[in-house]
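Undergrad: Predicted structure and sequence below. I'll ask about it afterward.
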Amino acid sequence: MTPQQKSRPGAGTAYATTRSNDSPIDAVLHRLEKVKSTGPGKWQALCPAHDDKRPSLSIREADDGKVLLKCWSGCSAQAITEALGLSLADLFPGDRRSHESGTGSMRRPFDYRDCLTGIAHEATVARLIVEAVNRGEAMDVESLDRLALAEERISDALAAAGGVQ
């Protein structure tokens with residue numbers, strides 16, 4: 001199904017034309033039919049990936065500018081973006097593809113909160129193992145392996161954050 005431009009209640013004229021500098025949400029919304037705002041940064045529309053009679057596609061703009069798509073009839077984000085003439089990379093702000101070929105793997109935006117949450121979890125694991133040893137419990141192979149995994153994950157998080165390895 002090829003999406004056609006139609007009047008969209010609540011969409012206004014902001015989505016009537018495509019510009020090369022459109023934000024991801026603009027690039028998606030202007031290609032959809034029967035777009036209706038359901039709240040700040042949230043919309044419903046007809047899903048372009050299947051013969052939709054009633055709007056089954058939920059669209060949300062995340063705080064970091066990513067576009068989140070959910071078809072309640074089960075269409076994948078890939079199927080939806082392909083039907084819109086977009087790629088999955090187009091759901092993310094900024095240039096996530098190679099400048100030379102226009103293709104390539106997407107970079108996942110780095111979130112320091114995720115990194116710190118992971119480090120905190122691994123530090124808790126290490127603390128619990130150390131506390132068990134301090135209580136006189138023997139260090140078994142499983143605990144030693146888990147402690148090594150915690151150290152590896154903390155090192156990986158540090159490297160991902162741009163620290164030394």
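TA: Sure thing, it's come through.
Undergrad: hmm, who's touching stretch 113-121?
TA: With contact meaning Cβ atoms under 8 Å, 6 or more residues apart in numbering, stretch 113-121 is reached by R153, I154, A157, L158, A160, A161. Placement of C-beta: from N, CA and C, glycine included.
Undergrad: how does it look with 7 Å?
TA: Applying Cβ atoms under 7 Å, 6 or more residues apart in numbering, the contact partners of stretch 113-121 are R153, I154, A157, A160, A161.
Undergrad: Out of those, the closest to V125 would be?
TA: Set against V125, the nearest of the contacts of stretch 113-121 by Cβ to Cβ is R153 (9.0 Å).
Undergrad: and that closest one, what does it touch?
TA: When contacts are counted by Cβ under 7 Å, 6+ apart, R153 touches G118, E122.
Undergrad: run the last query once more with 8 Å
TA: Taking Cβ under 8 Å, 6+ apart, we find R153 in contact with G118, I119, E122.
Undergrad: tell me which element it falls in.
TA: helix 141-160 (DSSP states H and E).
Undergrad: picking up where we left off before, make a ChimeraX selection of whichever of the contacts of R153 turn out to be buried.
TA: Filtering the contacts of R153 down to the buried ones (16 or more other Cβ atoms under 10 Å) takes a single ChimeraX command:
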select :119,122
